[in-house]
Structures are given as structure tokens and as C-alpha cells.
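Asker: could you work out the structure for the sequence below:
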Amino acid sequence: MTKLSKMLLVGIVAIGGLSTAAFADNVGYIDMQRLNQAYPAAQKAEQDFQKKYQDYQKLVEEKQKRIEDLKAKKKKDEEVKAAIDATEKELKPKQDELFKLRNDLLTKLQSDILAVTKQVAKEYGIDVVIQKEAVISGGFDLTDFVIEKLKK
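Answerer: Predicted coordinates:
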């Protein structure tokens, strides 16, 4: 496939995507920032994550203090490096756990918001829902309706 053929194909796909959106009768939008702030489950998830993160930070600070103490006592470089390596090895699973927790929480919240948004859009006859940041003009704001359902 030549370079020109590839460019034409990309152009056709882009125009096809735009024309699909152009045929949508009703477009709605949601403000994700407001949804996350107003959704009680999102607030609780953030609190739970922050608690675990603070526990992790305390552990990191304790380990850093231990390493600084070794440096202050003028321990050999090999001993300091061994302490750093041991600390990194000990903290890695905890970092991974925090990352997984954050991912799981975000996935669950997004799934909840998506399901409720689809339900609200259907109730109001909305064909397409986008994020508020993408709206230049027009559209129907579904945010308050989605928040109302999420709080139930």
C-alpha cells in the first residue's frame, strides 16, 4: 500500500467517523469531574485509597530514615547499597498493590458511571454522550440526572 493510499484510507475513516456523529439526532454530555465529586462511592474509594497510600508513605519514610542513618554513620557504600536494594525489594509489592487498588477502584467507578449514563441517555432519548470538555456548542447536560441516579 502506497503512502498516498494509506493517507486516503485514514481520511475516509475519519470522515466516516464524523459523518456517523453528524447523523446522531440528540447529543448529550456529562461533566466527569462533577460526577466524581458528587458520587458518594467515588468519595469513599478515594478515602480508602488515601488511607492505604498514607500507610505506604509512612513505611517509605521509615525506610528512608534508616538509609539516611546508615549514611550518617559513615557505613560502607556496599552496606548502604544493600539497604537500598532491600528497601526497594520490600516496597515493590506494596507499590504494585497500590497501583492495582487504584486501577480496580477506577474501573469499578467508571463502569458504574457508564451504566448509569447509558440508562439516563436512553430515558432522555439521547443518541450520543460525550464528555463536557469536548463540547463546543449545544448538547444536553445529563450530569445532574446521572448524579441523581448514582446517589440512589
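Asker: now the one residue sitting closest to the centre of the chain: how far from Phe49?
Answerer: Nearest residue to the geometric centre of the chain (C-alpha atoms, centre = their mean): Leu106, 5.5 Å. From Leu106 across to Phe49, the span is 10 Å (C-beta to C-beta, to the nearest Å). Every C-beta, even on glycine, is put in place using the N, C-alpha and C of the backbone.
Asker: likewise for Asp104?
Answerer: Applying C-beta to C-beta, the value for Asp104 to Phe49 is 10 Å.
Asker: same deal with Thr143?
Answerer: Thr143 is 24 Å from Phe49, by C-beta to C-beta.
Asker: Val146 now?
Answerer: As judged by C-beta to C-beta, Val146 and Phe49 stand 22 Å apart.
Asker: if you count surrounding residues, which of these two has more?
Answerer: Per other C-beta atoms under 10 Å, whichever of Val146 and Phe49 has more neighbours is Val146, with 27 against 16.
Asker: can you tell me the element the more buried one falls in?
Answerer: helix 143-150 (DSSP states H and E).
Asker: what stretches of this protein score poorly on pLDDT?
Answerer: Filtered on pLDDT under 70, the chain yields the residue ranges 1-25.
Asker: helices along that one, start to end?
Answerer: In the chain, the helices defined using DSSP state H lie at 3-22, 32-38, 40-72, 77-123, 143-150.
Asker: out of the ones you listed, flag the one nearest Gln131.
Answerer: Closest approach to Gln131 among the helices of the chain is made by helix 32-38 (5.7 Å; C-beta to C-beta).
Asker: which residues touch the closest one?
Answerer: Helix 32-38 is contacted from outside by 42-43, 109, 113, 131-132, 143, 146-147, 150-151, using C-beta atoms under 8 Å, 6 or more residues apart in numbering.
Asker: repeat for stretch 61-73
Answerer: Residues contacting stretch 61-73 (C-beta under 8 Å, 6+ apart): 79-80, 83-84, 87, 90-91.
Asker: if we go to 6 Å?
Answerer: 80, 83-84, 87 (C-beta atoms under 6 Å, 6 or more residues apart in numbering).
Asker: and those, which are buried?
Answerer: Buried members of those, counted by 16 or more other C-beta atoms under 10 Å: 80, 83, 87.
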